[in-house]
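Student: quick one, structure for this:
(chains A, B, C and D)
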Amino acid sequence: MTDRLPVPIGSRGEGPAMTAAKSETAVQDAATGARERTGAVSPDRRAPSRGGTRPAARRAVPRLPGAGTVIASLVLAVVAVAAVWPELLALRAPDQVDPVHALQGPDGAHPFGTDQLGRDVFSRVVHGARLTITLGLGSVVVAVVAGTLLGLLAVAGGRVLDEVVMRVTDVLMAFPGLLLALLVVAVLGPGTTNAMIAIGAASAPGFARLVRGQALVVRESGYVQAAVVLGLPRFSVFLRHVVPNSLPPVLVFATVHTGSAIIAGSSLSFLGLGPQAPAPEWGAMLSEGRDYVDLSWGLGVFPGLAVTATVVAINVVGTRLRRRFEGRTTHGEH
Amino acid sequence: MTTASPVRWLARRLLLAVLVVFGSATAAFLAMELTPGDPVRTLLGTTPQTAEATERIRHDLGFDRPLLVRYGLFLGRLVTGDLGTSYQLQEPVRSLVTGQLWSTVTLALAAFTLALAGALVLAVLTAGGRRLPRRIAGFFDLLTISAPAFWIGVLLLTVFSFRLRLFPAAGGTGLSGLVLPAVTLALSMVGTLSQVLREAMERSLEEPFALSAKARGTGLLGLRLRHALRHGLIPLVTLSGWTLGALLSGAVVIETVFSRPGLGRVLATAITSRDLPVVTGVVVVSAAAFALITVAVDALYRIIDPRLREVGT
Amino acid sequence: MANTDATARRRLLTVEDLRVAFPTRHGTTDAVRGVSLTVDAGECLAVVGESGSGKSVTARALLGLAGPGARVRAGRMSLHDPDLDLTEVRGRGWRDVRGRRIGLVLQDALTSLDPLRTVGAEVAEALRNHRVVPRSRLAERSLSLLEEARVPEPGLRARQYPHQLSGGLRQRALIATALAAAPPLLIADEPTTALDVTVQARILDLLAARKEAGTGVLLISHDLSVVARLADRIAVMRHGEIVEEGPAARLLHAPSHPYTRRLLEAAARHTGHTSASGGRDLAAAADEAGAGAAERPVLEVSGVGKSFTGPDGRARPAVRDVSFTLHAGETLGIVGESGSGKTTSAQLALGLLAPDTGSVRLLGQPWSQRPERERRPLRRRIQLVQQDPLGSFDPRYTVERIIGEALPPSGGAPGRGSARERRARLVELLTLVGLEEEMLDRRPRQMSGGQRQRVAVARALAPGPDVIVCDEPVSALDVSVQAQILDLFADLRRRLGVALLFISHDLGVVHHISDRVLVMRDGEVVESGAVGDVFRRPAHPYTRELLAALPRSSPPPAEALAAAGTTAGPTAHAGETAAPVARTAHAVGPATALVAPAARAGDGPADAAGSTADVAEGPASAVDRPAATP
Amino acid sequence: MALLALLLTATTSGCAGALDTPRSRGNVLTYGIDQQPDCLDPQVSPLDVTALVDRNLFDSLVEMAPDGHFRPWLAERWSVSADGRTYTFRVRDGVTFHDGTPFTAHAVKATLDHAVDPRTKSQYAASLISSYRSSRVVDASTVVVRLSRPDSAFLQALSTAYLGIQSPTSLRENTGNLCTEPVGSGPFRLTGWARNRSLEMERNPDYRWAPPGARHSGPAHLDGLVVQFITEGTARFGALATGQVDAIGNVPPAKIGALKASGQLRHLRAESPGVPNTVFLNTRSGPLADERVRKALLRSVDLDQLVDTLYFGRYSRAWGALTPTTPYYSASVEGRAPYDPDEAARLLDAAGWTGRDSRGIRVKDGRPLALRWPYIQEVHGKMSALAQGMQAQAKQVGIDLRWTSVDAGAFIQKTDSGRGLEMFSASFVRAEPDILRYWFGSRMTIANGGGNVFHLDDPVLDRALADGAAASDPQARAAAYARAQQRLVDRALALPTYVPVSLVGTSDRVHGLRFEPNAYPLFYDVRLGDPR
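Tutor: This next block holds a predicted model:
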């Protein structure tokens, strides 16, 4: 799978003060951007003052989405069309075999060339969008749902449960994501759904920590205190204030994470553990085609290009979302 | 302002590490137990064996005992450092793992060093600097982050090995065989490292202390090297520890593409052939490595950030 | 103060018609609009203004640090002797100006010194940048600089990291870095804002000493009372322009601009000089409202103590044996510096923390010793107004929901009628705190700081409480807004007879509003009594020290200074050292480019004026004020 | 299916180790191969690569000639009793094992007993001599072997490397390390084995007992032999092309073109004997229980075209259940079930699969004509393209082939029970027609240690196979096996796809490489020289 982390790319926010507060128990948190407070709460807290008079904080705000964002959105639009309605773009069925025309280079009839069975690579790439995207998004959904439940459970369930959940995530995070995914696939067997669950399970602990950290921050917030002072029951405060306010950063992180989830998904496919042949998943196509790259270069270039372009686009859009989100809520914190 | 006792700190961290190792081993054990199919039959394949012979092997391997007993025995052996014997390869797991470790560690360290050097250069040269270099570096980061490692590997292999014949096509213990896999792996990491480092550096460059430093006449390069870099190192160290830990068993794809031996592939094979001792062995080793790296990362934090050396409020 | 012959002074800086503009989403915004000023050697020019007035941008433009994208133009901007036209300086050229010609001291040295480098390294950096001394003498020179900045034990301090020093020491060290290359001009941007009052005084003394030694000081502050201690001349800035400038004495005693007058009024409260309309009225009002019920205690705190476990496993007492009683309609002020246990006391009173020792009774009933389930029905009787209004609202909620949540659940079926009733009640509450009905649809971010705090008050009032605990309720607001909110509290007290437990680090504020006052230090009550008695005849040395440290326009009595010298040494107590000093006594939002259209000066009735001013302040806050999460 | 088992373990691999540059390798040949052995005890491992390696380390009692008859090797001569149950071997003198132990009749007995000892956990050898009952050492040079039944495949079994004779000393004293420290009497001896990387052997200087088929006698020409494990076909070919290795096995068919284009490379080809790559069909339950559906399936795939395209003309399609190089192969099966989609459609219509679902798959009684075809990625992954081609073509006539990857455990569970699958693929290398009985004999179910997963019970086939095994007269055997092969095709009991080929690529420095009857390359006669 990916040798890369199922961890936020450029995770935000480890200001030095934050790291200091975190101390050594939460190494992974730095990676997930989850913030948690350990140790005693300083009894006398005041609102932050730093940045009080700081023109440097004023950054030139781009007026319009940059060219990059526009291009990225276009790429995503094309991928979305391919995923929803591949017939619109594809030239023929993705599994239409034509051994006579096997391994032809790109030409007019086959813009991306043909594979070893004479299937049209372009049509397969188009049809593969749905699988690849489903795999990526699906695993993110699994991770978000599982991670959120786990994280909220830790916060809501009291000290013992919190400790248990956190140690379990410690253990799970000590597994390289790939290892975890492989184990899950071993238990469940290969296939699209299982690969989704595997990747989701591998990144769920990170989400759990993020949610937990966020929920802890929210739980200490002024409005939760205000609700308690109003005499609202604990659980209702949790449902009304803590849960909804813990989720937005998770969703933003999920967007950024989708890119790496897609890579993880196609890497699993590359290892033959994802969607099954003849499904034209991009990673699987590359895996099947790599022995023939020197005979039909399109086979080695285009599926990889498709993954890369999609992930670049998602990362560009995701980063922009994240920046906007952070600019709105956390800018100036500390 | 009390200084935390380093001994106590270390003891705590090591305890956590042991917990993680045992937890991982248990997880691996359970995963293999949960996997459908009779492990003894899987082990024997469909080789003709009489029922008695099968039962005998089942007994030899202890599969006729209750799950809990097996788990107990498994833990017992683990405590004594005995990782068991591979069902498939009939070789002690320890020697199997140590045999693979070198190749994996070489690749991981080479790739990591390259990636780290690349990230440092990229980030230090561009953080908080002019727009164009930052954009170019940012795009490079984005591209390497977004391109799947297997694709990079296939492309590099095709171009540099098959076409240009600059490097051997099939791994190798020599330096030349290490170049392509290490570069591929490094490329798949450098973007993330450099992005994290640059973002952290740029964040610290917006801090008041950076303004103070500028106001006393410090130049941009000095600002980056003397101030921002240190701040950038904190998330970088975290990420590096994570990456390095994951590399120990996580380089399966690279190992597959480049036909390199390594723990990752041993593990992948062992999982499919349900070679429980090998699976747990590799998991334990990689979890232990991971846990130790985590301790090292924490220790590094304390070197980088003086605030962590104390536990005064 | 400085009495050098004005004509003999050397001119250090001349600025004429300085304009700074920033690009924004909607075009450009002028942050500074034609500012002219001069600074001479041995002179202190103070630039005073509220957040967004452009004072910091002005200062930083002088160093080429106005920020990315800033467009700086000036008719003239030069340093003298030797002459240097700052408008001509580009790129690396600035490095010779910064530190060498002009030194800069920022607010809050915890963040203004690199937390990962030793203090000594930071001082040495300035020396190294300008090659002041050979490398071999760097360490030695750093030590003497620290010593000059009155840092005791410089050898030890140089090896320490910023977080290991107390706030005051840090600020001195920061000043040492700014002065390392001996710049003739020192810009001090809110140099004392994050500090406790006692420490503030000493930092100002240090700056005064530099001034005496011939350094020109450009002091930037929002606080006229701070400025008064140091400045020879004062320039009042507002919306990027200087509205009034003149010798300190003249400006402080006979301000000509209404805005200056308003600032002065706010500052007066800090210094404890109750302004004409303030305390006396209040006291009278309290007498009226509370006359009948004054005997009935609503809140009784007896002998409570609370400890927290530190990360090292040791218990640290936050509050020790604190007792007080609050009667209906009465206002009790609790005053103390950071770490004194004020907030912990408030949380104990609210039943948010359980005391380790002692007990709290509310309305004559046991309060602290009950399980939360039993406390819940009584919770509505004691409410809270927090320091950070934005953080105290669920960001997703509209005002209607925020206050609605606090209304007692309407009995019976929630039909249309009851919905209308609730709405009417909400409007009533809003009117009470001086807000319009259309506020109901706003979300926290769409309001100004003052509006938010009004909503917070409305929410606290909604359940019909007997007690409201106000925890630093005005500390996060600009001074002019502070005044309005304090007036609101006074008004409510008069009209509703609610008892207030008013917590602040600001003696002036407490003095202004309280009937009785409690002075806390290190978790203990050191002095208590009627507000007038305590302020006029402080019994405890600490109280005397606090009062002495209050900046005032005339030099403080000698004996007060002496007292300060003996009690508050540089050896900081644990609490003070560790808490990352994020004092936001008068937190000013990031200097904002979006300066609102001029608000009408607060001449009208308090309510109306307050809301207009708040609205005017609106856009600035909405854009730049961070959603400060605790 | 043993091959399955074999292959299961075959994939722990890797490569690495361009130990030195080509120039400095001296008179040592480096051979790149995709598999690596699991265990070098020949009686334990079922892997092809074990046979390939062990052939250099161990000698056998007899040698099989290309024409299928047997010649003496370590056995100077032998006799078979009239009932075919007793074999008496007279063994050769003057042979010593690598550990110095002299070779005697005791070694034969020790090896055969070792093979069938349950503690050995033999995964293949024991099944080769399933008729073995006991051995009796008459004197140092005579051993009498008793079988439980007549077994015409017994000598062939003895000729394989899997029954290479081990040093009795080693068998006795080396228990537990036999996998990693094999001691035989072969022309090379093992000097090192870095798992996942390479395996090194050096010449046995005392070797003087080469089999008659060898081109020379005395020690091997090569000073040493290194086997490197390079899993990826492309990488393996790259290693050959760049001179990292001198020869490779399993040249990827796609690379043959490039190999030929290069002036410095040669390739050798040998079709493997035994059962070709075959899809075994569930004749007991499901749609394939109907002979018409099976026949339709055989006619729905254009194997000629697929095999030709996918294997670049290097492989031939298989027509029958034995490959052409197997003794007693019958060419009469060729062309019997050609690609004929119209006929396939007719057969399916006749079988009642007349409905169609939205995807064009035939439906009967509301159930689609779906054939579950599980596979193990590591084992069958290389034929995935072929399977996908078959899948696409079968879909044209309305058959849904569900080629689905499962892990080994699940696969074996399915094949053990014969449930949850309609098809699976396997091939089996063995130069002996009796192998058909292993797959199709009614008694050779999984429970009985055979490969008859679907409990096929065809009396006609059984009789033909029994006749073949019992007959000693070659012509009678040929007739019996021809009947068996025809029967398999006529009833469409299996779908043979292609004939596995041993494709070896070498540099032009390699001379004298040839194949033994099982199509494994032999290194004893190989000489490294100048390009010719």
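Student: lowest-confidence helix or strand of chain B?
Tutor: Lowest mean confidence among the helices and strands of chain B (mean pLDDT, DSSP states H and E): helix B:39-44, at a mean of 70.
Student: buried ones in the helix or strand just after that helix?
Tutor: The first helix or strand that comes after helix B:39-44 along the chain, using DSSP states H and E, is helix B:51-60. Going by neighbour count (16 or more other C-beta atoms under 10 Å in any protein chain shown), the buried part of helix B:51-60 is B:A53, B:T54, B:R56, B:I57, B:R58. Bear in mind the C-beta positions are built from the backbone N, C-alpha and C, glycine included.
Student: which other helices and strands contact helix B:51-60?
Tutor: helix B:39-44 (3 or more C-beta pairs under 8 Å, 6 or more residues apart in numbering or on different chains; DSSP states H and E).
Student: re the thing from before, would you turn the buried residues of helix B:51-60 into CSV with pLDDT and distance to A:F235?
Tutor: What follows is these, written out as CSV (pLDDT from 0 to 100; distance: C-beta to C-beta, whole Å):
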residue, pLDDT, distance to A:F235
B:A53, 68, 60
B:T54, 73, 55
B:R56, 75, 58
B:I57, 75, 55
B:R58, 79, 51
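Student: any idea whether D:A214 is helix, strand or coil?
Tutor: Secondary structure, DSSP: H, G, I helix; E, B strand; the rest coil: D:A214 is coil.
Student: was I right to think it contacts D:F523?
Tutor: No: in this structure, D:A214 is not within contact of D:F523 by C-beta atoms under 8 Å, at 11.1 Å.
Student: in terms of neighbours, single out the busier of these two.
Tutor: Neighbours per residue (other C-beta atoms under 10 Å in any protein chain shown) separate D:A214 from D:F523, with D:F523 holding more: 25 against 17.
Student: mind pulling the model confidence for the more buried one?
Tutor: Looking at D:F523, its pLDDT reads 95.
Student: pick out the residue of the stretch 351-500 of chain C closest to chain B.
Tutor: Closest approach between the stretch 351-500 of chain C and chain B, counting by C-beta to the nearest C-beta: C:L353, at 17.0 Å.
Student: so that residue belongs to a strand, correct?
Tutor: No: with three-state DSSP as the criterion, C:L353 is assigned coil and is not in a strand.
Student: which residues touch it?
Tutor: C:K306, C:T344, C:Q347 (C-beta atoms under 8 Å, 6 or more residues apart in numbering or on different chains).
Student: are any of those residues buried, and which?
Tutor: For the contacts of C:L353, buried by 16+ other C-beta under 10 Å: C:K306, C:T344, C:Q347.
Student: can those residues go into TSV with extra columns for secondary structure?
Tutor: Formatted as TSV, the buried ones among the contacts of C:L353 follow (three-state DSSP):
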residue	secondary structure
C:K306	strand
C:T344	helix
C:Q347	helix
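Student: what segments of chain A are helices?
Tutor: Counting by DSSP state H, chain A has helices at residues A:16-22, A:27-32, A:67-84, A:121-156, A:158-174, A:177-188, A:192-219, A:222-229, A:234-237, A:243-270, A:282-289, A:297-329.
Student: please consider this matter closed, and thank you.
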